[in-house]
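A.B. asks: Provided below for reference: sequence and predicted model.
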Amino acid sequence: MVRTRVEICGIDTSQLPLLTNEVMKSTFIRLQSGDHSARDELVVGNLRLVLSLVQRFAYRGEQADDLFQVGCIGLLKSIDNFDLKHNVRFSTYAVPMIIGEIKRHLRDHHSIRVSRSQRDIAYKAIRAKEQFINDNQKEPKISDLAEITGIPADDILFALDAIQDPMSLHEPMNGDGGDPIFMMDQIQDKTVSEERWLTYVSVKETVAGMDERQQAILSKRFYLGQTQTEIAKELGISQAQISRLEKNAVKIIRDGMEQN
């Protein structure tokens, strides 16, 4: 059988070994009996698994080498926490942990800002999910995560949705063996009209005429999704002042739209 040669992080993947389930079990027994060299064997023997998972995250704007290294961190965590008593294949246990590590890396380097409170809720839910899978060997329901974290299910759903990676408009969907069809090719915007465009231009001009602090508050509130309390801490003023400045800025925009 011919193996495809792929160079990633300086590793020739065609030379990586494939461990059978029996060899995997015996190597874990050695590791858990104190043979630390077995850990290296398990890492090398599962690098192909990491590579296959990294390929799922193509077109995310990240270098494959970087994602491969992050995936290896998830692999190491899986090896260190795997228990043969679960009586499942190591790959079944490792896949969600490796994917979780890669997704966490992508979220932390996300180009779209999500408020800190939402990120905290999402990360608590993700940690609870990983622990639930570790303990029960199955995916939890939202109600399970709500019970574990003590956070309302609706808040968990909202937070998890907020940190999802946006799909690239240049991500290929289906080529049918020919030229690829991209996401942007399938999107039709029926909402854009001359009236909407003029409104957008008017609002943009109105905001441009405000002082820098009002512009910053509008951007942080309605673009970055920050709370008034978070903005107050950043700007060094009270939440009440933020509220007044925000209301005044919104009123200026409304007045400008009515005049047009």
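C.D. replies: That came in fine, so what should we check first?

A.B. asks: now do the domain split for the protein, please.
C.D. replies: 1-109, 112-165, 195-259 (automatic domain parsing).

A.B. asks: now render those as a markdown table, adding mean neighbour count.
C.D. replies: To be clear about C-beta, it is placed using only N, CA and C from the backbone, and glycine gets the same treatment. Putting the domains of the chain into a markdown table (neighbours: other CB atoms under 10 Å) gives the following:
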| stretch | mean neighbour count |
| --- | --- |
| domain 1-109 | 15 |
| domain 112-165 | 16 |
| domain 195-259 | 14 |
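
A.B. asks: can you list these in TSV and add mean pLDDT?
C.D. replies: Below are those laid out as TSV (pLDDT from 0 to 100):
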stretch	mean pLDDT
domain 1-109	79
domain 112-165	82
domain 195-259	77
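
A.B. asks: which one is V54 nearest to, not counting chain neighbours?
C.D. replies: Spatially, and ignoring its direct neighbours in sequence, V54 is nearest to L67 (4.7 Å; CB to CB, 6 or more residues apart in numbering).

A.B. asks: now do the contacts for the one you found.
C.D. replies: Neighbour list for L67: 54, 57, 60, 102, 105 [criterion: CB atoms under 8 Å, 6 or more residues apart in numbering].

A.B. asks: where does it fall, secondary structure wise?
C.D. replies: Using DSSP states H and E, L67 sits in helix 64-81.

A.B. asks: quick check: what element follows that helix along the chain?
C.D. replies: helix 90-108.

A.B. asks: give me the helices and strands touching that next one, please.
C.D. replies: If you count contacts as 3 or more CB pairs under 8 Å, 6 or more residues apart in numbering; DSSP states H and E, helix 90-108 packs onto helix 47-54, helix 64-81, helix 116-136.

A.B. asks: so which of those helices gets nearest R30?
C.D. replies: R30 sits nearest to helix 64-81 of all these, at 12.2 Å, using CB to CB.

A.B. asks: okay, the angle between that closest one and helix 90-108?
C.D. replies: Interaxial angle of helix 64-81 relative to helix 90-108 (axes from the mean of the first three to the mean of the last three CA atoms, to 10 degrees): 130 degrees.

A.B. asks: can you start the count at 4 instead of 1 from here on
C.D. replies: Fine by me, first position is 4 from now on; the one you just mentioned is helix 67-84.

A.B. asks: now do helix 67-84: distance to the chain's middle.
C.D. replies: Relative to the centre of its chain, helix 67-84 is centred 16 Å away, using CA atoms, centre = their mean, to the nearest Å.

A.B. asks: that helix vs helix 50-57, what angle?
C.D. replies: 120 degrees.

A.B. asks: returning to that earlier point: want to throw the contacts of L70 into CSV with distance to E208?
C.D. replies: Formatted as CSV, these follow (distance: CB to CB, whole Å):
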residue, distance to E208
V57, 46
F60, 40
R63, 36
I105, 43
H108, 40
